[in-house]
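Chemist: no sequence on this one, just coordinates:
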Ligand code: EPU
């Protein structure tokens with residue numbers, strides 16, 4: 001491990017080799033490289049062949065368990081362009097390093113529909129296509145047409161059509177069968193020119209009224225998020241730490257027999273019970289292990305309240321998971337990727 005050296009990066013003072021991550025874990029990599037073109041990425045893969053390689057975005061969904069003995073690659077390619085228009089549809093290609101919310105802000109300003117419900121989600125375009133980020137009834141996969149990638153082993157470019165990405169709830173082929181094998185270089189989205197508001201989730205319709213613009217939906221989403229979720233610029237977190245479990249109907253019925261008004265949603269042939277509710281019932285709101293804390297306003301989120309170590313976060317997450325299993329017999333699994 002090299003000694004850290006201060007440097008200016010994008011106008012910010014950073015310590016060399018510290019890995020950017022929204023949890024604000026102080027972890028370092030042996031090497032961190034940024035690339036500015038697909039050709040440069042290929043050269044870096046050639047240069048570091050045989051080493052442990054991890055491509056990251058903003059590190060908004062990662063929990064590093066310690067220093068990373070390998071090479072972190074990050075895209076500095078941040079352009080977006082319109083590819084094609086066909087009637088009501090517009091195809092937009094965005095490069096992997098573009099901040100997702102900057103893209104969405106631009107699309108909303110252009111009056112284009114499709115991604116406005118994902119406003120203010122931290123992270124970059126490439127990672128959001130791997131993670132299939134979602135919020136307020138919309139997932140990235142709903143707008144993704146295809147994903148451009150490069151194979152880590154030999155620098156071959158490959159395009160994955162939406163169906164080949166095997167998208168599921170916060171899931172894709174890039175997190176499973178092909179984990180670590182392909183690096184996303186850009187994503188093609190389909191947007192709409194005519195109104196396609198998706199307002200069925202929670203209070204969105206009440207906040208926006210009947211016929212909003214994409215920007216009005218964006219503002220409403222940001223308002224709801226600010227009330228519930230910690231700002232990663234203010235307090236370290238990786239958003240939701242756990243996924244919402246989908247349980248068989250019998251399991252839900254048994255819980256509903258014991259508790260008043262269990263929140264639940266029919267999904268994929270089962271019943272989704274919000275993990276936030278399960279965690280709250282176990283008394284975890286605001287509780288801490290070391291510097292890690294279950295967020296008071298939304299217990300699905302674990303925050304770095306006070307110089308938390310990866311161990312603090314892991315221990316807290318494990319204890320939360322154990323108590324939900326003991327009380328309800330339900331396993332909640334992390335949404336965050338442990339590295
Ligand atoms: N709830 C509680 N107690 C709380 C908060 C929530 O019981 O303190 C229950 C309520 O019944 C509420 C329900 O949980 O109706 C759902 O809460 P919320 O609408 O905040 O959504 P979520 O299911 O907890 C998911 C995503 C979020 C996304 C929101 C909105 C996952 C893992 N999380 O959270 O995504 O913003 O829906 O769509 O699916 C993320 O992935 O990082 C993320 C923040």
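Modeler: Cool, the structure landed. Small disclaimer: the values here were computed from a predicted structure and weren't measured.

Chemist: tell me the contacts of the residue of the chain found nearest the ligand?
Modeler: Per CB to the nearest ligand atom, residue 239 is where the chain lies closest to the ligand, at 2.4 Å. (C-beta placed from N, C-alpha, C; glycine too.) Shown in contact with residue 239 (CB atoms under 8 Å, 6 or more residues apart in numbering): 22, 60-61, 121-122, 229, 232, 301, 335-336.

Chemist: didn't residue 281 look like it was pressed against residue 261?
Modeler: No - with contacts defined as CB atoms under 8 Å, residue 281 does not count as touching residue 261, sitting 11.8 Å away.

Chemist: Just the terminal-to-terminal distance for stretch 250-268.
Modeler: Length of stretch 250-268, first residue to last, CA to CA, to the nearest Å: 15 Å.

Chemist: who touches that stretch?
Modeler: Under CB under 8 Å, 6+ apart, the answer for stretch 250-268 is 246, 271-274, 277, 281, 328-330.

Chemist: Tell me which of the residues you listed fall in strands.
Modeler: Secondary structure assignment (DSSP state E) places 246, 271-272 from these within strands.

Chemist: So which of the residues you listed wins on neighbours?
Modeler: residue 271 (21 neighbours; other CB atoms under 10 Å).

Chemist: What sits closest to that one if chain neighbours are left out?
Modeler: residue 252 (4.0 Å; CB to CB, 6 or more residues apart in numbering).

Chemist: Need the phi and psi values for that neighbour.
Modeler: phi -60, psi -50 (degrees, to the nearest 10).

Chemist: what's near enough to touch residue 149?
Modeler: Residues in contact with residue 149 (CB under 8 Å, 6+ apart) are 157-160, 182-185.

Chemist: Repeat the analysis, applying 6 Å as the threshold.
Modeler: The contact partners of residue 149, taken as CB atoms under 6 Å, 6 or more residues apart in numbering, are 158, 182, 184.

Chemist: so what's the second one closest to, chain neighbours aside?
Modeler: In space, not counting the residues next to it along the chain, residue 182 is nearest to residue 149; the distance is 4.0 Å by CB to CB, 6+ apart.

Chemist: The ligand contacts on this protein?
Modeler: Residues of the chain lying close to the ligand by CB under 6 Å from any ligand atom are 135-136, 201-202, 228-229, 239-240, 243-244, 263, 274, 276-277, 280, 298-300, 335.

Chemist: now, which of the residues you listed lie within helices?
Modeler: Among the residues of the chain next to the ligand, the ones falling in helices (DSSP state H) are 228, 276-277, 280.

Chemist: any chance of those residues in a markdown table, with pLDDT too?
Modeler: Listed next are those as a markdown table, based on pLDDT from 0 to 100:
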| residue | pLDDT |
| --- | --- |
| 228 | 92 |
| 276 | 98 |
| 277 | 98 |
| 280 | 98 |
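
Chemist: So which of those residues wins on neighbours?
Modeler: residue 276 (22 neighbours).

Chemist: Need the phi and psi values for residue 286.
Modeler: The phi/psi pair for residue 286 (degrees, to the nearest 10) reads phi 80, psi -10.

Chemist: sorry, back to before: which of residue 281 and residue 261 has more residues huddled nearby?
Modeler: residue 281 (17 against 7).

Chemist: Need the pLDDT of the more buried one.
Modeler: We have a pLDDT of 97 for residue 281.

Chemist: Over to residue 9?
Modeler: 60.

Chemist: Please apply the same query to residue 270.
Modeler: pLDDT for residue 270: 95.

Chemist: Also residue 204?
Modeler: 88.

Chemist: How about the one 3 residues further on?
Modeler: Residue 207 carries a pLDDT score of 80 in this model.

Chemist: quick check: domain ranges of the chain?
Modeler: Domain assignment for the chain, taken from automatic domain parsing, gives 9-75, 80-226, 235-338.

Chemist: Among the ones you listed, which one carries the weakest average confidence?
Modeler: domain 9-75 (a mean of 90).

Chemist: in the stretch 151-300 of the chain, which spans are strands?
Modeler: Using DSSP state E, counting those that start in this stretch, the strands of the stretch 151-300 of the chain run over residues 157-161, 182-192, 236-240, 246-247, 265-267, 270-272, 288-289, 292-294.

Chemist: Of the ones you listed, which stretch is the most buried?
Modeler: strand 292-294 (a mean of 26; mean count of other CB atoms under 10 Å).

Chemist: show me where the stretch 1-150 of the chain has strands.
Modeler: 6-9, 12-15, 29-35, 53-56, 62-63, 68-75, 80-86, 89-95, 134-135, 138-139, 144-151.

Chemist: Output these as a markdown table; include the columns distance to residue 47.
Modeler: Shown next, in a markdown table, are the strands of the stretch 1-150 of the chain (distance: least, CB to CB, whole Å):
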| stretch | distance to residue 47 |
| --- | --- |
| strand 6-9 | 21 |
| strand 12-15 | 22 |
| strand 29-35 | 8 |
| strand 53-56 | 10 |
| strand 62-63 | 23 |
| strand 68-75 | 9 |
| strand 80-86 | 28 |
| strand 89-95 | 21 |
| strand 134-135 | 36 |
| strand 138-139 | 35 |
| strand 144-151 | 14 |
